[in-house]
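> What follows is a predicted protein model with its sequence.
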Amino acid sequence: MLLVTGITGHTGRYFLQELIDHKYEGPIRCIVRETSDTSMLDNSGLNIEKVYGDLNDKQFIRKVMKGVDNIMHIYNIHHSPMIVEAAIENNVKRAILVHTTGIYSNFKYASQGYKNVEKKVTEMTADPNCPTKVTILRPTMIYGDLCDSNMSKFIKMIDKFRVMPVINGGRSLIQPVNARDLGKAFYTVLTSPEKTAGKAYDLSGEKPLQMIEVFKMISDNLNKKTTFVNVPLGFGVFLARVAKIFSLGKVNYVEKVQRMAEDRSYPHEEAKNDFDYKPMSFKKGIQLESEQYLEKSGRK
């Protein structure tokens, strides 16, 4: 039995598509919410059992773990310790946890919580006799379609504004990963336990790109003539702090602005070597997403 969390979410749907494409034969138990759109699950043709519940409910997690051999936990990194604890109690063979490269950030607000989660998981599985082998997957900035919460926002901004401020000239490096590549990676890791159990992998896009390169590609795909204006980091942080003060703390973008100047590119050599991870180019991926945006707005 395979237990999956987050299968109706953004990357979860691409993992489900891989299960469908490969005609996965084993039973799959999916934790979903009452409000989730499960039509893709219902029409998958796979041996799927839907379970409605709350991942914050410890008793529910323990109950749903019965009879499970493998876990694909996509939903939320902060639930990982509870998932692993229940997995160990039920002698689950393997847990694949989808976390984030945000753990490497120099900013405490962004990274400390993630570090605490991975430390706890490591401590829980440190015993050599632990029945559950854990694999941790850390995607970088995820994009891929209009349901993502990263590039879709930039696409809307560049489409709306002819002049766009860019922190530090957009010189910081990012390495966005397409959700399609993550779906493939999740499936490959699931079906390659001999190579991937007990390891951690960073899953990034094809290569590092400067933020300004990303913005210009989006502008070109939308056929826009966008003017990008350099905003020094110090001035951007100053404006964010002013906004925080005047909103009495309700609008706090200080660390988000600081992170815009932080390099967020990470190599994926280990994933390439262990399971032949080959992400698509950003040029191709953002073209697909931009076309989707133009179609939705009736311009294509």
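Sure, I can see it.

> Identify the residues contacting G6.
By Cβ atoms under 8 Å, 6 or more residues apart in numbering, the residues touching G6 are G12, H73, I74, Y75, N76, V98. Quick note: C-beta positions are derived from backbone N, CA and C, even for glycine.

> from the residues you listed, which is closest to E206?
E206 lies nearest to V98 out of those, by Cβ to Cβ, at 19.9 Å.

> ok, the closest one touching H10?
No - between V98 and H10 there is no contact under Cβ atoms under 8 Å: 11.3 Å.

> How about the secondary structure of V68?
coil (DSSP: H, G, I helix; E, B strand; the rest coil).

> From V134, how far out is it?
Applying Cβ to Cβ, to the nearest Å, the value for V68 to V134 is 14 Å.

> the more surrounded of these two?
Neighbours per residue, other Cβ atoms under 10 Å: of V68 and V134, the larger number sits with V134, 25 against 20.

> what about that one, helix or strand, and which?
Secondary structure from DSSP states H and E places V134 in strand 133-139.

> What pairs with the helix or strand following that strand, parallel or antiparallel?
Using DSSP H and E, the next helix or strand after strand 133-139 towards the C-terminus is strand 142-143. Strand 142-143 pairs in its sheet with strand 177-178 (parallel), by DSSP bridges.

> can you list contacts of the strand it pairs with?
139-144, 203-205, 279-280, 282, 285.

> Checking the nearest residue to V229 once chain neighbours are set aside next. Helix, strand or coil?
Once flanking residues are discounted, V229 sits nearest to P165: 5.2 Å by Cβ to Cβ, 6 or more residues apart in numbering. Following three-state DSSP, we place P165 in the strand state.

> OK, contacts around P165?
Counting by Cβ under 8 Å, 6+ apart, P165 has contacts F228, V229, V231, G236.

> Endpoint to endpoint, stretch 265-278 covers what distance?
End-to-end span of stretch 265-278 (Cα to Cα, to the nearest Å): 16 Å.

> try stretch 259-278
27 Å.

> My read is that G169 contacts L233, right?
No - with contact defined as Cβ under 8 Å, G169 does not reach L233; the gap is 9.9 Å.

> Show me the shaky parts of the stretch 151-300 of the chain.
Applying pLDDT under 70 to the stretch 151-300 of the chain flags no residue at all.

> Which residue ranges of it form strands?
Using DSSP state E, counting those that start in this stretch, the strands of the stretch 151-300 of the chain run over 163-167, 173-174, 177-178, 200-203, 209-210, 227-231.

> Please work out which of those is packed deepest.
strand 177-178 (a mean of 28; mean count of other Cβ atoms under 10 Å).

> from the middle of its chain, how far away would that one be?
Computed by Cα atoms, centre = their mean, to the nearest Å, the chain-centroid distance of strand 177-178 equals 9 Å.

> Please apply the same query to stretch 79-93.
Worked out by Cα atoms, centre = their mean, stretch 79-93 lies 21 Å from the chain centre.

> All further residue positions should be reported with the first residue as 52.
Yep, numbering from 52; the last one is stretch 130-144 now.

> in that stretch, what counts as buried?
H130, S131, P132, M133, I134, V135, E136, A137, A138, I139, N141, V143 (16 or more other Cβ atoms under 10 Å).

> got it, and stretch 338-351?
Neighbour-count burial for stretch 338-351 [16+ other Cβ under 10 Å]: L339, E340, S341, Q343, Y344, L345.

> Now I82: which helix or strand?
strand 79-83.

> Which strands border that strand, and is each parallel or antiparallel?
strand 53-56 (parallel), strand 99-103 (parallel).

> pLDDT of the helix or strand following the longest one, averaged?
Meaning strand 99-103. Scanning forward in sequence from strand 99-103 by DSSP H and E, the next helix or strand is helix 109-115. Averaging pLDDT along helix 109-115 yields 94.

> just checking, what packs against helix 109-115?
Packing contacts for helix 109-115, counted by 3 or more Cβ pairs under 8 Å, 6 or more residues apart in numbering; DSSP states H and E, involve helix 131-140.
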